[in-house]
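# pasting the sequence and the predicted coordinates here, then a few questions.
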Amino acid sequence: PQAGYWLCVLWFLKVTKKSVYYLPPTAVNTTLRLRDLRASMIPLNISAYIIPATDAHLSEYIAPRDARLAWMSGFTGSAGTAVITQNKAVLWTDSRYWIQAERQMDCNWELLRDASIRSITNWLILEIPEGDQVGFDPFLFSVDIFDIYNTNLAPAGRILKSIPDNLVDKIWTNRPPLPPDNPTHLPDSVIGVTWPMKVDQIRAQISDNPYKPTAVLLSALDETACKHKTAQHKAISCRRVSLNCSIKLLSGQIFSLFSGLFNLRGNDIPFNPFFYSYTLLSMDEIWLFVHTERITEELKVYLNTTCYHSYCVQLLEYSSVRSYLQSYLQRPNVRVWVGTEYTNQALYELITPEDKLLTSTYSPVLTTKAVKDATEQHILKEAHVRDAVAVMQLLMWLEKKVPEGTENELTAAHFVDQCRRYRTNSRGPSFETISASGPNAALAHYSPSNETVRKLSVDEMYLVDSGGQYLDGTTDITRTVHWGKPTDFQKEAYTRVLMGNIEISRTIFPAGTRGVNMEMLGRRALWEVGLTYGHGTGHGVGNYFGVHEWPVGFQSNNIPFQEGMFTSIEPGYYKENDFGIRIEDIAVTVPATTKYGNNYLTFETVSLVPYDRKLINTSLLSPEQLHWLNKYYETIQSVVGHELERQGLKEEYDWMMKHTAPFLTAGASAVISSVTLLVTVLPSVLLHNLL
C-alpha cells in the first residue's frame, strides 16, 4: 500500500491508541483489489490504468455489474474517474460528491476535487515518464472523450493503450450477473406505429443523406428507448470524410435503435427501461446484438427472426459486435454513420479507412427525441399530475409522523415509492430516492443506507428528491421542508433558491436560445449574498425513458431550446455538515405571447406540488415572483385538485388547499389572510353552514 495509507493508519492509532486498523462502516478496504489490479498491469506494460464510472453504452445510470469504479474504490457516486498507478490511486469527482467520496474511500485513495479531463491528464503527465503507456477500456470511452484525453497526452509523449478486456472484470470476484428479466414489447395500446414502418423511415434518412452512408450504428441505451417523430434539420460534421461538410438532414422521420425501433423495453439498468444492445441497420438488413438467450420465442416471432428479407431482424450475440462490425467494414463501398457523443471508442476505432466513416456530435435520434410532440407532451403532463398525488401523500404523512419521532430517511424513501406504486401506469422509481435530513442533505446526491440513516426531526431541514417511471412518462421532483422553526438564514437561503427557480420558470426568450445563456437566472439571487451551488441547473427528461435525458438542459454542451422540450429546473444551496436545499421542477417549453415579437418561448411548470410556505420569506420576492407563485398555486388547485377529487382523496385535497393558499402581495413573511386560511381548512360542511 502507498505511504499515504500508512500515514492515515498511524494517525488513527495515535488518536485512538488502538493497535488495530479500523475502517468506518461507510468506507471500503481496497488494499487487496488494488494489489491484484496492479499485478495485472505489469504484463501489459502500462504505467497507469483509467477507470471511468460508466458502461459500454456511456450511460449515466449503470447496472451493478458495470460499477467497476465503485468496486475498486468504494465510491458509489454516479460521476467520477479513477487512475491507478503502481504506487497511487486517485479519484476525480465534482463538488456534488466530495463529502461522499471522503466517507466511502479508505486511506489507499486520494481525492482530487476536480472533474475535468485536463486535471486528470496533467496529473498523468507529472506522475508517469514520457513514453510510458496509459491503459484504458475503449468500451468505456466515448469518441469525444477519447479525443480529449489523446489531445492532452499525445503531445507530452504519454501513450494511450486500448485494452478491450477490462482489467477490473478479471479480478472482480462475485461480479453481479446479468439481470434475469427478458426484454418485453410495449402493450399494443401504447404503440402508434409498427416497427417495420419505423425501419422504413430510418432507411429514408440513410438514402436522403448526400454523403450516402450505407448503415447507421446505434449504441446509447437512452437512444434505444425513444419514439418516432418528425426529424428537424440537424447539422452533421463529417470526420474522416475527404470533404469538409455541413450536411442537413432532409425532412422525414427518425427512430432510435433497438427498444424504440421495435417498441421494446428491458430491465438491465436499475430504474431505466433499457437493456444491453447494439443495432446496425442498413438499407436491406437489420443486425441486432443482444444476449440472445434472453430473447423469448414470442419475441423472435414478433421480430421476424426466422426470415431473411429486409424486414427480418438477425439476432447476433452481444459480445460479437466488434467482430461483426469488422466483417461488415470489409465489404466494398460501405460507410457507417455514428454519433460521437455516445458511440464508444471500441467500435469507433474499428471504422477505417477514413472514407468508411460519417459522424455527427449527437445522433439524429438524440436531437430528435428531445422535442416531444403534442401527444407525448399531453401524456407526460398527465403522468406528472398522478405523480404529484404521490408526493403530496408523502409530505402530508411526514407532517403527521415526524413530530412523533418514529420515521427516518429510509422509511420516508420507502413510503414515497409505495405511494407511486399505486398510481396508474406505475413502473417503479425513476432513480434511487434522495431522502436526506440535516447534514446528510448537504450531500447533493446522498441516498440513505443502514449505515448513514438519520431519524427525521422537527429541528432539521429535510430534502427529498424522487421520481417515478410510468408507462406514459418519467418524473423527477425535489422538495425541501422544515417541520419546526427554521433559522432566519435557512429561510433566506430557501427563498433565494426558490427565487432562482421562479426566475428561470417565468423568463421569456427567443426560440433557439441555449440553456447556458439563461442558467445564471437560477443563481443570481444566491450570488447577490455570496451563496451558490456546485451542480447543474437542469436536465432533460423522457417519456418512460431516462430521468436524465440528453442533450436538453442548461449546460454549455446542451442543444438550444425549442418548443416541446422538457427540462428540470433545480437550483440549490448546501451548507456542509448542516443542511441542504434544492427545489426541482420539470417544465416544458411553450410559446410565449409578447407585445411585438413572434417565435418566443417560456416555461410551463408541470411538477405540481406546493413549496414549504414556512420557509418562504415573501419580503424577498419581487411582485412578479409573488404573482408567478400565486398563479402556480392556482394551477395546482385546479389540476391536481381535480385529480384528488376524482380519486376521493378528501384528506389530501384539504392538505393541498391549505398549502396552496394565496400569499399576500405585501408583508415580511409567508402569511395568508385569516379568511383565506379559514376557507381552506374548515370542513366543507361547516363552511357551508357558516355561509
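Looks like it came in fine. For clarity, every value in this text was computed on a predicted model and none was experimentally measured. Numbering: from 1, shown residues only.
# sketch out the strands for the stretch 201-350 of the chain, chain order is fine.
Secondary structure of the stretch 201-350 of the chain by DSSP state E, counting those that start in this stretch: the strands cover 215-218, 229-230, 235-237, 246-248, 253-254, 264-265, 278-282, 286-290, 313-317, 336-339.
# so which of the ones you listed is nearest L394?
strand 264-265 (26.7 Å; CB to CB). For the C-beta atoms, the positions are set from N, CA and C on the backbone; glycine is no exception.
# mean pLDDT, distance to I559 and mean neighbour count added to the strands of the stretch 201-350 of the chain, as CSV?
Converted to CSV, the strands of the stretch 201-350 of the chain look like this (pLDDT from 0 to 100; distance: least, CB to CB, whole Å; neighbours: other CB atoms under 10 Å):
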stretch, mean pLDDT, distance to I559, mean neighbour count
strand 215-218, 88, 19, 24
strand 229-230, 32, 15, 15
strand 235-237, 36, 11, 16
strand 246-248, 30, 15, 13
strand 253-254, 32, 15, 20
strand 264-265, 74, 25, 24
strand 278-282, 90, 23, 23
strand 286-290, 91, 28, 23
strand 313-317, 93, 31, 18
strand 336-339, 90, 13, 24
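# so which of these gets nearest T184?
Of all those, it is strand 264-265 that lies closest to T184, at 6.1 Å by CB to CB.
# kindly list the longest helix within this protein.
Scanning the chain for the helix with the most residues, using DSSP state H, yields helix 374-401.
# buried stuff in that helix?
Under the neighbour-count criterion of 16 or more other CB atoms under 10 Å, helix 374-401 has 376-377, 379-398, 401 buried.
# go on, stretch 645-652?
Neighbour count says stretch 645-652 has L649, E652 buried, by 16+ other CB under 10 Å.
# pull the residues that contact it.
With contacts defined as CB atoms under 8 Å, 6 or more residues apart in numbering, stretch 645-652 is touched by V389, M392, Q393, M396, L644, Y653.
# straight-line length of that stretch, end to end?
With CA to CA, to the nearest Å as the measure, stretch 645-652 spans 9 Å from end to end.
# and for stretch 53-69?
End-to-end distance (CA to CA), stretch 53-69: 6 Å.
# please renumber so the chain begins at 6
Shifting the count to begin at 6 puts that one at stretch 58-74.
# ok now that stretch, how far from the chain's centre?
Relative to its chain's centre, stretch 58-74 lies at 13 Å (CA atoms, centre = their mean, to the nearest Å).
# how about it: buried residues?
Buried residues in stretch 58-74, counted by 16+ other CB under 10 Å: 58-68, 70-74.
# ok, so of the residues you listed, who is nearest N522?
Nearest member of the buried residues of stretch 58-74 to N522, counting by CB to CB, is E65, at 24.0 Å.
# restricting to C-alpha, output stretch 514-532 in PDB.
Extracted C-alpha coordinates of stretch 514-532, given in PDB (Å, rounded to 0.1, in the frame of the first residue of the first chain):
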ATOM      1  CA  PHE A 514     -36.700  34.000 -24.500                       C
ATOM      2  CA  PRO A 515     -36.300  33.600 -28.300                       C
ATOM      3  CA  ALA A 516     -36.700  30.100 -29.600                       C
ATOM      4  CA  GLY A 517     -33.200  28.700 -30.200                       C
ATOM      5  CA  THR A 518     -31.800  30.200 -27.000                       C
ATOM      6  CA  ARG A 519     -29.200  28.000 -25.300                       C
ATOM      7  CA  GLY A 520     -29.900  27.000 -21.800                       C
ATOM      8  CA  VAL A 521     -26.400  28.100 -20.700                       C
ATOM      9  CA  ASN A 522     -27.400  31.600 -21.500                       C
ATOM     10  CA  MET A 523     -30.200  31.500 -19.000                       C
ATOM     11  CA  GLU A 524     -28.600  29.400 -16.300                       C
ATOM     12  CA  MET A 525     -27.400  32.400 -14.300                       C
ATOM     13  CA  LEU A 526     -31.000  33.400 -13.600                       C
ATOM     14  CA  GLY A 527     -31.100  30.400 -11.300                       C
ATOM     15  CA  ARG A 528     -28.100  31.600  -9.400                       C
ATOM     16  CA  ARG A 529     -28.500  35.400  -9.300                       C
ATOM     17  CA  ALA A 530     -30.500  35.700  -6.100                       C
ATOM     18  CA  LEU A 531     -27.900  33.400  -4.300                       C
ATOM     19  CA  TRP A 532     -24.900  35.200  -5.900                       C
END
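# can you check the pLDDT for the closest residue to N338 other than its chain neighbours?
Excluding its sequence neighbours, the residue lying closest to N338 (CB to CB, 6 or more residues apart in numbering) is T219, at 7.2 Å. pLDDT, T219: 94.
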